[in-house]
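**Q** sequence plus predicted model, see below.
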Amino acid sequence: MKKYSNRKCYYKAVIVIVAVFLFMGYSVPNKISRAGSHEHRGVWVAFYEFSAAGLSNRTEAAFRQNASKMFQNIVDYGCNEVFFHVRAFDDAIYPSKIVRWSTYMESNGKSPGYDPLAILVELAHEKGLKIHAWMNPYRVSSEKILNPAKEKTINRIVNQVKEIINNYQVDGIHFDDYFYVGSKYDHVRAAKKRKNVNKMVKRVHDAVKEKDETIEFGISPAGNYENCMEMGADVKTWMSEEGYIDYIIPQIYWSDKYKLNGKWTTLFSDRLALWRSLNEIDIPMCIGLGVYRTGYEVSPDLGWAKRDDNLASQALAIFEGNTEGYTLFAYTDLMADHSEDEMDNFLEAISWIKLNKKSVTLRQGETFLLKAKWMPAKYEDGDSFEYRSLDESIATVDEDGLVTAVAQEGTTKIQVTADGKKKNCVVTIGEINEEAK
């Protein structure tokens, strides 16, 4: 992923994006930087990415080094949480008393001599990332699943969840869209499927909350609502009744140039509106975005090949409504050649200004250096920040961000702007409580 070589390139790219949005009928929000203060900017790390990320069949030292690099890359792309695959096929990437070792972490199916999950949790938290243990609850293979109707299946899943939350400081337990899959269960009525899955989901939720109310439990269902309900993912219940999930991430992996029944449709926007309408109890809802599709020409979803601002426009649409952020699928696609243009435009759309202080208290005559930088870190800091005091009788600021307290008391804001984005630091002048200091 390239950084911008100069600010002129950046300005040109922003102008192009804004022009495209206006042409498409989009309104550009006044505060695109909302993404910067949001709590949900995630990325999935899937089991099949372990090798490319340098995590499989490695010594502990190499695993640590590569995992740290991976998490730094995730931070550099503006994310603050990661959904890491800990159980893909009735297995585990950690020493488990319930399931076998993941062959995707260690090809011989044996312990590597250290605990990968313990290291991942440690390093993710060091980087300021929340880490969710991503599990496929039923899947044994691409076609075979544990029987959702069996009590022993539910017990197996719940016990593995307990094993994780009792032994690791994970921030969440995360299930994806694999519920009733394969032809074996085609004869089971959809209502029965939903009943069986709901029983499992409720028990997992209760187990998590019994351990720690702050641990989140969420699900990322397929973006097709009708298919969800048919396959046992009762998203209607989960989004209308308390006690099932703490958040939901529908995978809306389509563009707005999708041919459906011979007609072009804005499928992403249509599905986004549908999922918002389903959220009756307003649980936190993020949107899964398909980075893996960018740059490819796949019929009937031709928008990914015809445009390179799909993700950018989707991000802006997410921040305009009652949705709490996005999760990107998947990690290695962020840095792939096929997604480079899309990710450049995406980062421009969700970039924001980060200050070293949101507020500061000074005495008269004291100074403070207010520092600003671009987030995500993929953006070079540059020298284009402008500093302005909204009340110079209270405090002044020079072109380098040096704030000086002028009055004996009072409050003002120091406003930092760049490329149409703004960020404020509240400056209070008065006596400082030494004990509090």
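**A** Received the coordinates, thanks.
**Q** now do the helices in this structure.
**A** In the chain, the helices defined using DSSP state H lie at 7-24, 34-37, 60-76, 116-126, 151-167, 190-211, 225-231, 235-238, 267-278, 303-306, 310-319, 340-350.
**Q** save the ones you listed as JSON lines, and put in mean pLDDT too.
**A** Below are the helices of the chain laid out as JSON lines (pLDDT from 0 to 100):
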{"stretch": "helix 7-24", "mean pLDDT": "35"}
{"stretch": "helix 34-37", "mean pLDDT": "36"}
{"stretch": "helix 60-76", "mean pLDDT": "97"}
{"stretch": "helix 116-126", "mean pLDDT": "98"}
{"stretch": "helix 151-167", "mean pLDDT": "98"}
{"stretch": "helix 190-211", "mean pLDDT": "98"}
{"stretch": "helix 225-231", "mean pLDDT": "96"}
{"stretch": "helix 235-238", "mean pLDDT": "98"}
{"stretch": "helix 267-278", "mean pLDDT": "98"}
{"stretch": "helix 303-306", "mean pLDDT": "96"}
{"stretch": "helix 310-319", "mean pLDDT": "96"}
{"stretch": "helix 340-350", "mean pLDDT": "93"}
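**Q** out of those, which comes closest to Lys413?
**A** Lys413 lies closest to helix 34-37 among the helices of the chain, at 15.7 Å (Cβ to Cβ). From N, CA and C alone the C-beta is placed, and that goes for glycine too.
**Q** neighbours of Arg276, how many?
**A** Other residues lying near Arg276 total 15 when counted by other Cβ atoms under 10 Å.
**Q** swap in the one 3 residues further on?
**A** Using other Cβ under 10 Å, Asn279 is surrounded by 18 other residues.
**Q** which ones are touching the residue lying closest to Ile353 once chain neighbours are set aside?
**A** Counting by Cβ to Cβ, 6 or more residues apart in numbering, Ile353 lies nearest to Lys423, which is 4.1 Å off, once chain neighbours are set aside. Applying Cβ atoms under 8 Å, 6 or more residues apart in numbering to Lys423 gives the contacts 33, 352-355, 372, 415-417.
**Q** from those residues, keep the buried residues only.
**A** Burial by neighbour count, 16 or more other Cβ atoms under 10 Å: within the contacts of Lys423 this picks out 33, 352-355, 372, 416-417.
**Q** which of these fall in strands?
**A** Under the assignment DSSP state E, those contribute 352-355, 372, 416-417 to strands.
**Q** could you identify the most distant pair in the buried ones among the contacts of Lys423?
**A** Lys354 and Thr417 (13.7 Å).
**Q** in CSV: the buried ones among the contacts of Lys423, plus pLDDT and distance to Asp171.
**A** CSV is the format used below for the buried ones among the contacts of Lys423 (pLDDT from 0 to 100; distance: Cβ to Cβ, whole Å):
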residue, pLDDT, distance to Asp171
Ser33, 31, 24
Trp352, 88, 22
Ile353, 91, 26
Lys354, 90, 22
Leu355, 95, 25
Ala372, 92, 29
Val416, 96, 30
Thr417, 94, 34
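**Q** per-residue confidence at the nearest residue to Phe71 once chain neighbours are set aside?
**A** Nearest non-adjacent residue to Phe71, counting by Cβ to Cβ, 6+ apart: Lys127, 4.4 Å away. We have a pLDDT of 97 for Lys127.
**Q** quick one: Lys127 and Lys357, what's the gap?
**A** Applying Cβ to Cβ, to the nearest Å, the value for Lys127 to Lys357 is 21 Å.
**Q** neighbour count winner among those two?
**A** Lys127 (18 against 14).
**Q** could you list every residue that touches the more buried one?
**A** For Lys127, the contacting residues are 68, 71-72, 74-75, by Cβ under 8 Å, 6+ apart.
**Q** what does stretch 394-401 rub up against?
**A** 362, 369-372, 385-389, 403-407, 410-412, 414, 416, 427, 429.
**Q** now for Ser393: which residues touch it?
**A** Neighbours of Ser393 in contact, by Cβ under 8 Å, 6+ apart: 406-407, 410.
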